[in-house]
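Undergrad: okay, sequence plus prediction incoming.
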Amino acid sequence: MRVQLIGLGSIGKNLLKLINEKGPFIRASTGEKIDVVSVSDTTGTVITDGLPLTRIIQAKEGGGLKTLDSFERISASSAIRDLESDIVVEITQSTKDGRPGIDHVVKAFENEKDVVTANKSILVSDFDAFGVAKEMGRSIRYEATVCGGMPVFNLMDYCVKPAKFLSVEGVLNATSTFVISQMEGGRSKASAKEEAIRMGIAEKDQRDDLEGIDSARKGTILHRRIYGSTRTIKDATILAKESEVKDGNRQITEVTPEGVKVEYRRIERNSIYSNTVGPAMLIRFNTDIFNHLTLFTDHDGPLESAATVLNDILLSRAERVTR
Ligand SMILES: NC(=O)c1ccc[n+]([C@@H]2O[C@H](COP(=O)([O-])OP(=O)(O)OC[C@H]3O[C@@H](n4cnc5c(N)ncnc54)[C@H](OP(=O)(O)O)[C@@H]3O)[C@@H](O)[C@H]2O)c1
């Protein structure tokens, strides 16, 4: 299957590494060959045409994509329009208005391509990605948008179908958990924040992590999915403040029929949240059958999220074949 990659940041580089390393295993186990046709960042597009993926990563980490012979100064939108592919992987940064991600998604649908994304901001504005996809006979998969490496929507889709979801609560932002737990270990806040950037777990604008916007985006995606609502990020109640990034607190997101709330709470020693240390995440679903079904990871970051994106690429392909 032919894939175009839009965005070559923390997740993009890990995705290329994974496709390179796991390609033969995936081919042997599923029969699918993942062919990365092009890779775009803000500077332009590399048309891969047999170029080893490791060379693209090296170039990105060195002088930039422009150092490669097959680099062209064409935008991601032009690449989506002009190059042949089956799936567009949209992994640009989350933004206030969802752009450029939304434009890339629309361009993909217009050119009869399906979308896989980790970009939360595409799914929390007035833009109705699922409605547009349906109208145009396309699909959008988005498992990595909420809790990166944890199977939140696949759990809903395949494992607990008879259950009605009543509410969700959790620590949905790894950066704030990482920074606070490092501070609990004696590190300064500034140094912990720098480390979170280095690890690739932080949003482009780190205030999105520490002031609850990233969590509110995730909560809004969950609200729309669980209650079929049309809430946007503007409807979320964000009470989290950076001054509350301190020992003993965790940033908690609550999703109920009434809405999405993000706030820092003091965590009791025996609370389930006391286990969230490092780049950890925890999400609890309260359903009418499964009481407090809980997913936990002690490490969520760009590698885990890239693996989820790769899984979505395979699921998208399987969906396309049966369509
Ligand atoms: N990092 C995580 O652990 C994680 C986990 C789950 C979900 N997410 C979400 O996944 C998305 C990607 O995350 P990330 O950490 O990989 O982001 P990132 O490191 O900030 O990378 C963003 C990439 O998008 C590229 N880009 C921006 N505007 C573009 C445009 N107009 N055309 C083409 N490329 C463009 C940037 O290009 P340049 O390199 O040229 O600047 C950069 O390569 C975000 O929306 C984030 O919220 C991240």
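TA: Thanks, I have it.
Undergrad: which residues in this protein form strands?
TA: Along the chain, the stretches classed as strands by DSSP state E are 2-6, 35-40, 45-47, 71-72, 87-90, 114-117, 140-141, 165-171, 237-238, 249-256, 259-266, 281-287, 293-297.
Undergrad: show me where the stretch 201-323 of the chain has helices.
TA: Counting by DSSP state H, counting those that start in this stretch, one finds helices in the stretch 201-323 of the chain at the ranges 207-210, 213-227, 302-322.
Undergrad: for the ligand, find the nearest of those helices.
TA: helix 302-322 (3.7 Å; Cβ to the nearest ligand atom). In short, each C-beta sits where N, CA and C put it, glycine included.
Undergrad: what sits closest to the residue in the stretch 151-300 of the chain that the ligand sits nearest to if chain neighbours are left out?
TA: When distances are taken as Cβ to the nearest ligand atom, the stretch 151-300 of the chain reaches nearest to the ligand at K204, 4.3 Å away. The shortest distance from K204 to any non-neighbouring residue, by Cβ to Cβ, 6 or more residues apart in numbering, is to Q93 (4.0 Å).
Undergrad: can you pull the contacts of that neighbour?
TA: Applying Cβ atoms under 8 Å, 6 or more residues apart in numbering, one finds that Q93 lies in contact with G7, G9, N119, E203, K204.
Undergrad: among the residues you listed, which two are most distant?
TA: Across the contacts of Q93, the longest distance by Cβ to Cβ is 13.3 Å; it joins G7 and E203.
Undergrad: dihedrals phi and psi, the residue of the stretch 1-150 of the chain found nearest the ligand?
TA: In the stretch 1-150 of the chain, the residue that lies nearest the ligand is G9 (1.8 Å; Cβ to the nearest ligand atom). With angles defined as degrees, to the nearest 10, G9 sits at phi -100, psi -140.
Undergrad: so how many other residues sit close to it?
TA: 15 (other Cβ atoms under 10 Å).
Undergrad: ok, back up a step: more crowded one of G7 and E203?
TA: G7 (25 against 21).
Undergrad: I'd assumed T92 was in contact with the more buried one.
TA: Yes: in this structure G7 lies within contact range of T92 using Cβ atoms under 8 Å: 4.1 Å.
Undergrad: who touches both of those two?
TA: Listed as contacting both G7 and T92 by Cβ under 8 Å, 6+ apart are N119.
Undergrad: how's the chain carved up into domains?
TA: 2-149+303-322, 153-299 (automatic domain parsing).
Undergrad: CSV for these, including mean pLDDT?
TA: Output for those, formatted as CSV (pLDDT from 0 to 100):
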stretch, mean pLDDT
domain 2-149+303-322, 97
domain 153-299, 97
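Undergrad: interface residues of the stretch 101-250 of the chain facing the ligand?
TA: A118, N119, K120, A144, G148, G200, I201, E203, K204 (Cβ under 6 Å from any ligand atom).
Undergrad: among those, which ones are buried?
TA: A118, N119, K120, A144, G148, G200, I201, E203 (16 or more other Cβ atoms under 10 Å).
Undergrad: in CSV, list those residues along with distance to I233.
TA: Output for those, formatted as CSV (distance: Cβ to Cβ, whole Å):
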residue, distance to I233
A118, 17
N119, 13
K120, 9
A144, 18
G148, 19
G200, 23
I201, 20
E203, 13
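Undergrad: so which of those residues belong to helices?
TA: Among those, DSSP state H puts none in helices.
Undergrad: before we move on, back to that, of the helices of the stretch 201-323 of the chain, which stretch is the most buried?
TA: Among those, helix 213-227 has the highest mean neighbour count (mean count of other Cβ atoms under 10 Å), at a mean of 25.
Undergrad: now what about that one, what contacts it?
TA: 94, 120-121, 123-124, 142, 145-147, 152-153, 156, 165, 168, 172-173, 175-176, 203, 207-208, 229-233, 235-236, 238, 240, 251, 253-255, 257, 259-262.
Undergrad: please apply the same query to stretch 43-61.
TA: 8, 13, 16-17, 19-20, 36-41, 64-68, 70-76, 78-79, 83.
Undergrad: cool, stretch 245-265 as well?
TA: Contacts with stretch 245-265, where a contact means Cβ under 8 Å, 6+ apart, come from 167-173, 176-177, 179-180, 183-184, 189, 210, 212, 215-216, 218-220, 222-223, 226-227, 231, 235-241, 244, 266-267, 273, 276.
Undergrad: in CSV, list the helices of the stretch 201-323 of the chain along with distance to F109.
TA: Shown next, in CSV, are the helices of the stretch 201-323 of the chain (distance: least, Cβ to Cβ, whole Å):
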stretch, distance to F109
helix 207-210, 27
helix 213-227, 19
helix 302-322, 13
